[in-house]
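K.L.:
one predicted model, sequence on top.
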Amino acid sequence: FISLSVSGVFTAPVRGVYHFNVFVFGNGHGSRPSGVSLHKNGEHIVLAYTAQNTVHMAASNGASLLLEVGDVVYLKLWHGAWVRDTYNHHTTFSGHLLFPIEEAS
């Protein structure tokens, strides 16, 4: 398991392959989708997005990424979308190091 800074940005402490998962939950009005995009160093990687056709909606996605020391991974709220979260943690972002990769000598 990896920890995020208070800002919600993960900075890779070691070179390696990491896997990230995102789960979003939304409710409200049918004209407002729920969605977030996962980014690595400013580059869009994947999107978890859903349009509401019932009272509640959910979407998820994940990606395995090769990260160098200092690379950053974070989420952005998709334009015009919202997500719901409370103390029940309806919307989550998590990840873990699959394996480190040593620098070639």
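P.N.:
Sure thing, it's come through.

K.L.:
check the gap between E68 and N41 for me.
P.N.:
The spacing between E68 and N41, counted by Cβ to Cβ, to the nearest Å, is 9 Å. (Each C-beta comes from the backbone N, C-alpha and C, glycine too.)

K.L.:
and what of S94?
P.N.:
19 Å.

K.L.:
again, but for F25
P.N.:
Using Cβ to Cβ, F25 is found at 27 Å from N41.

K.L.:
higher neighbour count, those two?
P.N.:
Shown here are F25 and N41; by other Cβ atoms under 10 Å, F25 has more neighbours (20 against 13).

K.L.:
test my guess that that one contacts V83.
P.N.:
Yes: when contacts are counted by Cβ atoms under 8 Å, F25 is listed as touching V83 (6.5 Å).

K.L.:
could you tell me which residues touch both of these two?
P.N.:
The contact sets of F25 and V83 overlap at S34, H90, T91 (Cβ atoms under 8 Å, 6 or more residues apart in numbering).
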